[in-house]
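Chemist: What follows is a protein structure lacking sequence information:
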């Protein structure tokens with residue numbers, strides 16, 4: 001049980017880190033491209049934080065699934081890419097077989 005709590009905590013940490021990194025991007029896109037005259041009352045900071053958190057948490061889960069016993073810094077980029085592509089192809093194949 002303790003391992004799962006540690007893994008969930010690391011996933012949340014990864015999501016928060018990505019969320020913080022996405023905030024400046026969402027501000028630039030929101031204020032300069034989508035709404036340059038500032039006519040909308042959109043919370044661009046929250047939009048970037050939510051999207052970044054979701055992407056970071058999903059990345060953490062995929063990286064953990066791709067190579068379960070290794071840490072992220074020990075995982076080779078090519079191995080992670082091949083594993084993610086393989087799982088996507090498997091999911092598409094299974095969905096096709098169900099239809």
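Modeler: Looks like it came in fine. Computed from a prediction, not measured in an experiment: that's the story for all the values here. Numbering: from 1, shown residues only.

Chemist: In this protein, which helix is the longest?
Modeler: helix 2-28 (DSSP state H).

Chemist: lowest confidence element among the helices and strands of this protein?
Modeler: Scoring the helices and strands of the chain by mean pLDDT, DSSP states H and E places helix 77-98 at the bottom, with a mean of 74.

Chemist: Quick check: what element follows the longest helix of the chain along the chain?
Modeler: helix 44-66 (DSSP states H and E).

Chemist: Please report the distance of the most centrally placed residue in the chain from residue 43.
Modeler: Centroid-nearest residue in the chain, with Cα atoms, centre = their mean: residue 55, separated by 1.9 Å. Applying Cβ to Cβ, to the nearest Å, the value for residue 55 to residue 43 is 18 Å. All C-beta spots, glycine's among them, are computed from the backbone N, C-alpha and C.
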